[in-house]
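**Student:** using only what follows, build the 3D model:
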Amino acid sequence: MNERPSDLDTTTFPDKTYARTVLAPLYGHAKTVFAEPLMRINRAHCVMLAETGILGTDEAARIAAALKTIEASDILAPSAYTGEHEDLFFEVEGALKAAVGAELGGRLHTGRSRNDLDHAIFRIRLKAVIDAFAAQARGAARAMLDAARKGKGEIIVAYTHGQPAQPTTYGHYLAGALETLLTDIERLETARVIADRSPMGAAAITTTGFPIDRARMAALIGFAEPTLNSYASIAGVDYVTAPYSALALMMLHLGRLTQDLQFWTSFEVGQLYISNSLVQISSIMPQKRNPVPIEHMRHLASTALGQAETMVRTMHNTPFTDMNDSEGEVQATGLAAFATAGRVVDLLATVLAEARIEPQNVRRNIDRSCITITELADTLVRQEGLSFRAAHEIAAAVARAVVAEGGALSGGYAAFAAAFERHAGRPSGLDEAAFRAAVGPEHFVAVRERHGGPGPAAMDAALAVYTARLAALDEKAADHAAREERAAAALADAFDALSGAGG
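**Tutor:** Numbering: from 1, shown residues only. Purely as a prediction, here's the structure:
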């Protein structure tokens, strides 16, 4: 039964419903994902206050020792929300005051606000999640690069508008997907740069009159640099919208790739074979081979896309100021997008490592679709001196005749000879062997050596570029990790020295 308004205490914060629906979930999120960044910032802020003289060495040492005790207690462990403290920040501050006294305990908050503190926490957590996911995405890119190298000579049918279009190679197709994936990872790396700026020192929104050192604070907690404008430090949400937009685009693009893989594994097409370890057999139809990981990749990519777009859309039409729309619950919810996306790229890496092309099915589909006919027209231009339009008309006539007979283009020399003489007014100089070579898929691919094409030399050049781009991303990731490690070590050294300096 619902409480009547007269039964509620309307004079004391928090209201029971607000506590249950807002504060309790926020408290749970903070304990689960934000506690470590909170304590890291507390340690760094204590060090910075001591180094700038805002806190005396003995005062800072007492606070540091108390923070160590708090970290070793069960305060940071998941627990039920009791309402004794509004949130985890006040619970930690309450424990600090209990340990060193209210006056000294309250001095740790000098020169900062929950505004800059919260956004720094969110940025620290988001950077870690981006880094972990980016490593997974690079793993998928490596699997794609390996498969592209192995498949650069494997002929497949390329489709446009859902219909057979031209032959290319599996490696050429995967290289195209890899080019997009690398761009997506690079876009995420660019977004990380935005998140890698510390808002600490912006305080509520206009900084502070205390002589804090924002650059030192940023370095201690692992940021590349402090944010510049203090208003934007609190009001700006580009550090949220940029990475989630990048993630959404990656999932959109991988969803398109997944759709192709699903189509290629269909019985009628049969171009791609998925190994038995990734195939589920029907419970009633024993002949069925269901490549279910591809289906899961597709729906998980859509799910991650939706989760990422939720983050971006939550910021829509919000004021350029401090507001809850970009904070605790929203941040915690957004982390699920990266977790879901991680499942997608891990599955993709496994599928690509174990999939293989079915050459007999590819050949069958090429034979019945006449998709090499473009090269016949090109050959007539190069070797017979015809205009492309005249050559195209001859090639089209050959294709119509072959399709009408239900044969393969490679066996259509008689139809070709007749069409050529009819349109050109003379016999063709191509004999049957030359004709068969011209309409062969291997020749089709081999002569397409232009920049970005499927020819062997063009593919080798492209794969070298993709290898270099992936190596550059690996190097940036290593740089991020090294800087985070240096920051953690510097903070540990400075904090330990401080905590042991008390008299």
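**Student:** who touches residue 273 in this structure?
**Tutor:** Residues in contact with residue 273, defined by Cβ atoms under 8 Å, 6 or more residues apart in numbering, are 265, 355-358. Every C-beta, even on glycine, is put in place using the N, C-alpha and C of the backbone.
**Student:** restricted to strands, list the residues you listed.
**Tutor:** Taking DSSP state E, the ones among these that sit in strands are 356-357.
**Student:** name the nearest of the contacts of residue 273 relative to residue 387.
**Tutor:** For the contacts of residue 273, the residue nearest residue 387 by Cβ to Cβ is residue 357; the value is 36.4 Å.
**Student:** wait, that closest one touches residue 170, no?
**Tutor:** Yes: assessed by Cβ atoms under 8 Å, residue 357 is found in contact with residue 170 at 5.1 Å.
**Student:** anything in contact with each of the two?
**Tutor:** With Cβ under 8 Å, 6+ apart, residue 357 and residue 170 have common neighbours 151, 154-156.
**Student:** let me see the mean pLDDT of whichever helix or strand residue 493 is part of.
**Tutor:** Element membership for residue 493, per DSSP states H and E: helix 456-499. Averaged over helix 456-499, pLDDT sits at 97.
**Student:** what of stretch 405-425?
**Tutor:** For stretch 405-425, the mean pLDDT works out to 92.
**Student:** gap between the two ends of that stretch?
**Tutor:** The first residue of stretch 405-425 is 24 Å away from its last residue (Cα to Cα, to the nearest Å).
**Student:** make 24 the starting number, not 1.
**Tutor:** With the count now opening at 24, the last piece we talked about shows up as stretch 428-448.
**Student:** related to what we said a few turns ago, between residue 380 and residue 193, who's got more neighbours?
**Tutor:** Neighbour totals were compared for residue 380 and residue 193, and residue 193 leads with 24 against 18 (other Cβ atoms under 10 Å).
**Student:** pLDDT score assigned to the more buried one?
**Tutor:** Value for residue 193, per-residue pLDDT: 97.
**Student:** how near is it to residue 277?
**Tutor:** 17 Å (Cβ to Cβ, to the nearest Å).
**Student:** if we can go back for a sec, pull the distance from the helix holding residue 516 to the chain's centre.
**Tutor:** Distance of helix 479-522 from its chain centroid, counting by Cα atoms, centre = their mean, to the nearest Å, is 17 Å.
**Student:** what bridges to the residue lying closest to residue 315 once chain neighbours are set aside?
**Tutor:** In space, and not counting its chain neighbours, residue 315 is closest to residue 303: 4.5 Å by Cβ to Cβ, 6 or more residues apart in numbering. Bridge pairing for residue 303 (DSSP bridges) gives the partners residue 313.
**Student:** how many residues are close by residue 303?
**Tutor:** Residue 303: 13 surrounding residues under other Cβ under 10 Å.
**Student:** so what's it up against?
**Tutor:** 313-315.
**Student:** highest neighbour count among the residues you listed?
**Tutor:** residue 314 (22 neighbours).
**Student:** my read: that one touches residue 299, true?
**Tutor:** No: look at residue 314 against residue 299 with Cβ under 8 Å: they stay out of range, at 10.3 Å.
**Student:** the strands in the chain, which residues?
**Tutor:** Counting by DSSP E, the chain has strands at residues 178-183, 186-192, 220-221, 248-249, 295-296, 379-380.
**Student:** which strands or helices does the longest one pack on?
**Tutor:** I take that to be strand 186-192. strand 178-183, helix 382-392, helix 464-469 (3 or more Cβ pairs under 8 Å, 6 or more residues apart in numbering; DSSP states H and E).
**Student:** any chance of those in CSV, plus mean pLDDT and mean neighbour count?
**Tutor:** Output for the helices and strands packed on strand 186-192, formatted as CSV (pLDDT from 0 to 100; neighbours: other Cβ atoms under 10 Å):
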stretch, mean pLDDT, mean neighbour count
strand 178-183, 96, 19
helix 382-392, 93, 17
helix 464-469, 96, 20
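**Student:** now these in CSV, with distance to residue 455?
**Tutor:** Below are the helices and strands packed on strand 186-192 laid out as CSV (distance: least, Cβ to Cβ, whole Å):
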stretch, distance to residue 455
strand 178-183, 22
helix 382-392, 17
helix 464-469, 15
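**Student:** in the chain, which helix or strand is least confident?
**Tutor:** Sorting the helices and strands of the chain by mean pLDDT, DSSP states H and E puts helix 47-52 at the bottom, at a mean of 86.
**Student:** walk me through the domains of this structure.
**Tutor:** With domains defined by automatic domain parsing, the chain comprises 28-133, 138-227+250-386+484-510, 396-462.
**Student:** what's the end-to-end length of stretch 339-359?
**Tutor:** One end of stretch 339-359 sits 20 Å from the other (Cα to Cα).
**Student:** and that stretch, how far out from the chain's middle?
**Tutor:** Counting by Cα atoms, centre = their mean, stretch 339-359 comes out at 20 Å from the chain centroid.
**Student:** correct me if wrong: residue 273 contacts residue 205.
**Tutor:** No: assessed by Cβ under 8 Å, residue 273 is found out of contact with residue 205, at 10.5 Å.
**Student:** give me the more crowded residue out of these two.
**Tutor:** Taking other Cβ under 10 Å, residue 273 and residue 205 do not tie; residue 273 has more neighbours (27 against 21).
**Student:** for the nearest residue to residue 374 once chain neighbours are set aside, the count of nearby residues, please.
**Tutor:** Excluding the flanking residues, the one nearest residue 374 by Cβ to Cβ, 6+ apart is residue 316, at 5.6 Å. Residue 316 sits with 21 neighbouring residues when counted by other Cβ under 10 Å.
**Student:** can you check residue 95 too?
**Tutor:** Residue 95: 9 neighbours (other Cβ under 10 Å).
**Student:** also residue 175?
**Tutor:** Residue 175, neighbours per other Cβ under 10 Å, totals 22.
**Student:** how near is it to residue 49?
**Tutor:** Residue 175 sits 52 Å away from residue 49, going by Cβ to Cβ.
**Student:** one more: residue 516?
**Tutor:** Distance, residue 516 to residue 49, using Cβ to Cβ: 33 Å.
**Student:** which one is residue 58 nearest to, not counting chain neighbours?
**Tutor:** According to Cβ to Cβ, 6+ apart, the nearest residue to residue 58 is residue 99 (4.4 Å).
**Student:** next, that neighbour: phi, psi?
**Tutor:** Torsion angles at residue 99 (phi, psi; degrees, to the nearest 10) stand at phi -90, psi -10.
**Student:** these two touch, right, it and residue 55?
**Tutor:** No: the pair residue 99 / residue 55 is not scored as a contact, 10.2 Å apart, by Cβ under 8 Å.
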